[in-house]
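S.K.: Generate a structure from the sequence data that follows.
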Amino acid sequence: EEAIRDHFLPALLGVEAVSGEDRELYAHGVKQGGLAIRNPVDTALIMYEASKAATEELVESMMEGKSLNLELHQEKVKAASKAAREERGERERTILQEREGRSTSEKWRIRRSCLSGSWLTCTPSYLNGTELSADEFRDNVRLRYNLKPLELPERCDGCGAAMTVEHALQCKVGGL
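M.R.: Numbering: from 1, shown residues only. As a prediction, this is how the structure comes out:
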């Protein structure tokens, strides 16, 4: 977790450091406003319990020397997986609700990020136009978390106005 928090995420986002609160958000699933870069320390116990529940039939079969009931085993794997997902989702929703209560702008930013992350989960493909360069990916992740894209010029190359994300997207003369 230390390597993820102190080295990987800052390199990915182009920031000096990642706060504990932001790290918690980045660990959320994409539909919950995160990047799905899980915290292995936080998820270890939940994953262990899910693994134990999923392999219960398999272990019992091996320990007692009886044949494996594959259908029952698959049902237990599916149920354990679903329970772990639901537990994680509930925990993430609770955290988001707490963050939404802080300010109206934070509330809307979180809601937008929960609805606009499909680009993070699609498979990059040159043919489908879903391939992003490292800079494009970083800038889009930064925009998702209300951070200014790196290397945004001071002035618009078309009209000379101060360059902001809003101006870059709306300028009819220059922009991005």
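
S.K.: Quickly note the distance from the most centrally placed residue in the chain to residue 140.
M.R.: Taking CA atoms, centre = their mean, the centroid of the chain lies closest to residue 35, which sits 1.4 Å from it. Look at residue 35 and residue 140: by CB to CB, to the nearest Å, they are 11 Å apart. The C-beta positions use only the backbone N, C-alpha and C, and glycine is treated the same way.

S.K.: Over to residue 36?
M.R.: The span separating residue 36 from residue 140 equals 15 Å under the rule CB to CB.

S.K.: Strands of the protein, residue ranges please.
M.R.: In order along the chain, the chain carries no strands (DSSP state E).

S.K.: any low-confidence regions in it?
M.R.: For the chain, residues meeting the criterion pLDDT under 70 lie at 175-176.

S.K.: same thing but 90
M.R.: Scanning the chain with the threshold set as pLDDT under 90 gives 95-118, 121-122, 124-130, 145-147, 151-161, 164-166, 168-176.

S.K.: Scan it for its longest helix.
M.R.: Longest helix in the chain, counting residues (DSSP state H): helix 70-100.

S.K.: Flag every buried residue along that helix.
M.R.: Buried residues in helix 70-100, defined by neighbour count with 16 or more other CB atoms under 10 Å: 73, 76-77, 80, 84, 88, 92, 95-96, 99.

S.K.: Can you tell me which of the residues you listed comes closest to residue 13?
M.R.: Set against residue 13, the nearest of the buried residues of helix 70-100 by CB to CB is residue 99 (18.1 Å).

S.K.: ok, the closest one touching residue 106?
M.R.: Yes: the pair residue 99 and residue 106 qualifies as a contact (CB atoms under 8 Å) at a distance of 6.1 Å.

S.K.: which residue ranges form the helices in the chain?
M.R.: Listed in chain order (using DSSP H), the helices of the chain are 2-3, 9-13, 20-26, 40-54, 56-64, 70-100, 104-115, 118-121, 134-144, 165-170.

S.K.: So for residue 151, which of these sits nearest?
M.R.: Ranked by CB to CB, the member of these that lies closest to residue 151 is helix 134-144, at 7.7 Å.

S.K.: In PDB, list the C-alpha atoms belonging to that closest one.
M.R.: Output for helix 134-144, consisting of C-alpha atoms alone and laid out as PDB, is shown next (Å, rounded to 0.1, in the frame of the first residue of the first chain):
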ATOM      1  CA  ALA A 134      -0.200   8.600 -21.200                       C
ATOM      2  CA  ASP A 135      -0.700  12.400 -21.100                       C
ATOM      3  CA  GLU A 136      -4.400  12.100 -22.300                       C
ATOM      4  CA  PHE A 137      -5.100   9.500 -19.600                       C
ATOM      5  CA  ARG A 138      -3.400  11.600 -16.900                       C
ATOM      6  CA  ASP A 139      -5.200  14.800 -17.900                       C
ATOM      7  CA  ASN A 140      -8.600  13.000 -18.000                       C
ATOM      8  CA  VAL A 141      -8.000  11.400 -14.500                       C
ATOM      9  CA  ARG A 142      -7.000  14.900 -13.200                       C
ATOM     10  CA  LEU A 143     -10.200  16.400 -14.600                       C
ATOM     11  CA  ARG A 144     -12.200  13.600 -13.000                       C
END
